[in-house]
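K.L.:
Sequence first, then the predicted structure, then my questions.
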Amino acid sequence: MASVNPFNLSDSEEETERRPNESVDKERSPSHGAPGPPPPGNPFSSPAEAEPPTPLLSSNRTSPNGEGISVSAPATSAMAGSTEARVSVDIIAAQLLRDQFTLTALEFHTELLEAGRELPRLRDYFSNPGNFERQQGGTPPAKDQVLGPGGPLNRAGSISTLDSLDFARYSDDGNRESDERVAESDVLSQERKNLKSCPEIQEPIRQLEKRALNFLVNEYLLKNGYKLSSITFSDENDDQDFELWDDVGLNIPKPPGLLHLYRNCGNVPPSQRNMVDVSVAVDASELPGNCVASEFSKKPGLSQQQQTEVVQELEYQLGLLSSEKQSLADQIKKLQSEIQTLKRTVSSPPPATLDLSSQKSCHPSSSSNIITSSTDSPSVDNSQTLEGRGVSEAGNGGDPPSKQKASQLQSCNKTHVHFDQPNRKLSPAFQQALLSFCRMCSDSRLGAEVSRIADSEESVMLMLGRCLPHIVPNVLLAKRERMVAHLCQELIPLILCTACLHPEPKERDQLLHILFNLIKRPDDEQRQMILTGCVAFARHVGPTRVEAELLPQCWEQINHKYPERRLLVAESCGALAPYLPKEIRSSLVLSMLQQMLAEDKADMVREAVVKSLGIIMGYIDDADKYPQGFELMLLSLGDPSERVVNAVHQVFIPAFSAWSTELGNLHVALIPSLLTRIEKLLPQGEHGLDEHKLHIFLSALQSLIPPLFALVLQNAPFTSRATVHADTPAIEVTRFPRPASPLQDIATIIGSREVLSALLQLYDHQLELEGTTGWDSLLWVVNQLLPQLIEIVGRINVTSSTCVHEFSRFFWRLCRTFGKIFTNTKVKPQFQEILRLSEENVDVSAGNGILTKATVPIYATGVLTCYNQEEDRKLLVGFLEDVMTTLSLSHAPLDSLKASFVELGANPAYHELLLTVLWYGVVHTSALVRCTAARMFELVLRGMSEALIDRRAAPALITLCSGPEFSVRISTIPAFGTIMETVTQKELQERVKMQLASFLEDPQYQDQHSLHIEIIRTFGRVGPNAEPRFRDEFVLPHLHKLALANNSHAVESKRIDIATQLFEAYSALSCCFISEEVMVNHFLPGLRCLHADMEQLSPEHEVILSSMIKECEIKVENRGMSDAQGSISIASSLVGEDAKTKFLSKMGQLTTSGAMLANVFQRKK
């Protein structure tokens, strides 16, 4: 086992405290008993060349060889008397250890500890158990011996000083290994202390330490589930048995574990010992040097003098540091001023491409123009990087002329990269949000490495030094697929760096081909890493090389069989868009993406294509490509995948609308073209409307509302007066609807929330006080867009809940975006002018009254619900009450009112409001209005809380039933049926059941044909979903009675009406589980009665009824047979169990062997 070398001198406390005049006399002869000073760099000679060691102590000691060493009187007097020729205690300790006076050194160490002057050399030596290990393969030492560096050492009896220092735990008595072994944690903590106190004596790991750590690491890997890593680790250390701690070679117990050692790292509390002054063997005055506490007690002035010198030295060093700090601060200011000067004098470099094979030279005077401005760089990060490089090179004035010229040439080639900036006016916030959809990865170590490409020989070396330590271990372990994939990621920086700097185009092409084919099916993280590298490559080499070298790689992968590779191509087109030539950007790349959008079958690929198209739309400036962009928008909106359509609304439409705004086409071409397509869908007939296409166009219009409002703000008369002040109020959180993506955030489109807040303040002031004169964009919205939308709304089918919901959401977003003042002064008046609420306004004969169209529900749910203040709710309640009254008194269809109630009833926040409207109808003087209110209850009860139904809805219905008009009572039956279908409260169900029973059993309703029709229809609707007990005990028995009574009905028309409703009800109820008793007593008899009616009135229904009756009879028979079979099977099982028990009991009585037992089951021949 390797041990600590005690003979390497190090700077100690004694050496730092020695004064210059306390040096060893070089002229002293050996006869005086003091060694000469060591030569510089080699303070001690080898043992063969050294003089015999001079005794340093006044008492007799026993050496390891058993010889006595005496100290002469002259030597003693010379050492005690001369203070100018003292020897350092560290030199004494080294001499003792070198000559193997181990016990003497231990005594010396003890004396120094008690005097408060611990010596690091002795402490390190005696704290290391490796200096006292038993030699492997040798003869065991005697019981009274210990092992030292030179062999067995005679063991001395323990004395009180050693016991107080607890050195016994570092001893190694061969016969007490299990009791007095050194704990591994103590060794590690002591080693940690040693390294902290003496960093200059750190040594490489020793063999036994390595084996011990290997054992602990392998144990940690196994315990924490890293089995494959443990196997690999074991294979790499095949010379060690990881199942046996003794194989390590340390004679100590196994430590508790790696986790325990880590948690206790640095937290080992110092052992508490009672320190006392003890005099052992040697007087303190006989020790050399000024290291004993008694010396200071005798010479207090010396201690004071030393303190004064230390203070003076520290003050001197403090002054030096202060002056250095001031010098550095001045230098920083000077460099910052140079940076500002360079920024002011910078000029755009001429467009050039980075071709390392070219032999162009760069004039040295152009070194001041190596910084590219932020407007010439597609990325802020890139410009900052180039700026930093430029400053460092500009300040490199101390290099040789040739080196400086080479660096200027390199920097010129490196930074003269010009990117084609589009002629666009996007806000920086919008452009940054658009580029955020490029999935880059620079957060990790590898991502940061990939994002910066080496541009000089020195940086290449640094990059290799950073990357190779991560690559080599993966090469050794690259037998598993996961290891291979990780290795491939680690190779990306090397491939990119080589592809950038290699002079041969063919080799560069091959390297980029390797990059795109590095991983067979790259996952998200790996694609992000490759994309980050491609962007870094593009920033470095310029647009021409990107076009010539990167784009062909993308084109090769466009039809790859793996979707992950095609996905990489789609994402690369968007990520590289800012770094491509503008012609390529709007032609080749656009064509590639268009082809992939039309042909690729993978949803995730088309989604990435749409996002990349959106990024392209943010950089394209060729107006001739506008029609192609519009067709791409329509094509992607019609995609069957929802994730693709979401990407269209999140990225493509916002970017395309921004381009349309700059071209002036947003309100001139884009929005009108979508409205035209919606109008073309309407003349196809009310029932032939393509709702899917309507949803596509209307959702696109909805996504165009934010850019339209931004256009209105930017073209307003007050835009030039908008300034941001400190007291500008913040925008309310609920001011705008939640955007679908950051690109639909109006603050992002405008540029910042502060600017938007200032514009909104002026916008509200302009609308409220100054009007819209000269505000062309807003006048277009008011005079053209709104009238056209209201006209379209009046032409859609009011019974189509999908169309009503789509237009309602569109108007809601439009009004919320343009604000409350705009809604109250511009939108509501146009609707109110059309919806003049009066009876004359409803043309019953023609059936085309505006109140019967979808305008009513869309105005109620899309405009009047935008704001939820008290006056807004009152306006909504009043509008619904007026519509209900007008339609009821005009005998007009109620479809528009029903659509309003259905749309509002979907939101529980409006349930109370709707009940308020209905209560107005309940107490109305007209029976027609009360009938309408009763029918509206059926629509709002679904989804309403039971507490609200019990508290407000049920009492209102019972109030309507108490009225004199039978029509009003009959109108409440569907609502009562809905309560039975949705409510679970027993008390409420009983109340409703009693009301329905009074309708069926009260004699005054016997001749109410319409009441019977309504009850049967309600039973058929709610019966399958109602509680089974209500169905079995109430619904089916009363249907049986109604069917029986219908057999004897005198009026044939009424008889067939009831029979038809009964047929529908029985058809719906036949799918339910019905008990045998109810089936026999009510369901089958009712069907037979209905069959008798249909046999005479409707033969086509009679056939279906016959099959239904036959099926029910078969069900009854099968249930009877299954019950009988069940009883038989129970009896047979009981008999079988009895036979089994008897058989097993007989088997238990057998005492024959296994062979004889087998013969029992053989067939007789």
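P.N.:
Great, that's in hand.

K.L.:
hey, let's count contacts and neighbours off CA atoms from now on
P.N.:
Fine.

K.L.:
Check the burial of residue 1038 by counting its neighbours.
P.N.:
Other residues near residue 1038 come to 21 when the count uses other C-alpha atoms under 10 Å.

K.L.:
How about the strand or helix carrying it, which residues are buried there?
P.N.:
In this structure, residue 1038 sits in helix 1036-1046 according to DSSP states H and E. Of all the residues in helix 1036-1046, those buried under the rule 16 or more other C-alpha atoms under 10 Å are 1036, 1037, 1038, 1039, 1040, 1042, 1043, 1044, 1046.

K.L.:
Would you agree residue 619 is in contact with residue 422?
P.N.:
Yes. Using C-alpha atoms under 8 Å, residue 619 is in contact with residue 422, at 5.8 Å.

K.L.:
Show the contacting residues for residue 743.
P.N.:
When contacts are counted by C-alpha atoms under 8 Å, 6 or more residues apart in numbering, residue 743 touches 430, 433, 434, 650, 651, 654, 655, 749.

K.L.:
Restricted to helices, list those.
P.N.:
Applying DSSP state H to the contacts of residue 743, the entries found in helices are 430, 433, 434, 654, 655, 749.

K.L.:
Turn the residues you listed into TSV, columns for pLDDT and neighbour count.
P.N.:
Formatted as TSV, the ones in helices among the contacts of residue 743 follow (pLDDT from 0 to 100; neighbours: other C-alpha atoms under 10 Å):
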residue	pLDDT	neighbour count
430	90	25
433	89	17
434	89	24
654	94	28
655	94	29
749	92	26
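
K.L.:
Including distance to residue 1115, could the contacts of residue 743 go into TSV?
P.N.:
Conversion of the contacts of residue 743 to TSV gives the following (distance: C-alpha to C-alpha, whole Å):
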residue	distance to residue 1115
430	69
433	66
434	66
650	57
651	60
654	62
655	65
749	69
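
K.L.:
Residue 996: which of the residues you listed is nearest?
P.N.:
Nearest to residue 996 out of the contacts of residue 743 is residue 650 (C-alpha to C-alpha; 53.4 Å).

K.L.:
Would you mind confirming that that closest one makes contact with residue 740?
P.N.:
Yes. Because the distance of 6.1 Å satisfies C-alpha under 8 Å, residue 650 is recorded as touching residue 740.

K.L.:
Pick out whichever of those two has more residues nearby.
P.N.:
Remark: of residue 650 and residue 740, residue 650 carries more neighbours, 23 against 14, as counted by other C-alpha under 10 Å.

K.L.:
okay, now the closest residue to the more buried one other than its chain neighbours: neighbour count?
P.N.:
Excluding its sequence neighbours, the residue lying closest to residue 650 (C-alpha to C-alpha, 6 or more residues apart in numbering) is residue 741, at 5.1 Å. Number of residues near residue 741 (other C-alpha under 10 Å) recorded here: 14.

K.L.:
And residue 741, how far from residue 604?
P.N.:
18 Å (C-alpha to C-alpha, to the nearest Å).

K.L.:
Who has more neighbours out of residue 619 and residue 422?
P.N.:
Neighbours were counted for residue 619 and for residue 422 using other C-alpha under 10 Å; residue 619 has more, 23 against 14.

K.L.:
pLDDT at that one, what is it?
P.N.:
If you check residue 619, the pLDDT there is 89.

K.L.:
host element of it?
P.N.:
Using DSSP H and E, residue 619 falls outside every helix and strand.

K.L.:
so who does it touch?
P.N.:
422, 424, 577, 578.

K.L.:
One more: residue 895?
P.N.:
Counted by C-alpha under 8 Å, 6+ apart, residue 895 has contacts 798, 799, 852.

K.L.:
least trustworthy helix or strand in this structure by mean pLDDT?
P.N.:
None of the helices or strands of the chain scores lower by mean pLDDT, DSSP states H and E than helix 380-394, at a mean of 36.

K.L.:
where does residue 642 fall, phi/psi-wise?
P.N.:
phi -70, psi -40 (degrees, to the nearest 10).

K.L.:
what number of residues lie near it?
P.N.:
Other residues close to residue 642 by other C-alpha under 10 Å number 13.

K.L.:
Residue 994 too?
P.N.:
12.

K.L.:
Same check on residue 523?
P.N.:
For residue 523, using other C-alpha under 10 Å, the count is 15.
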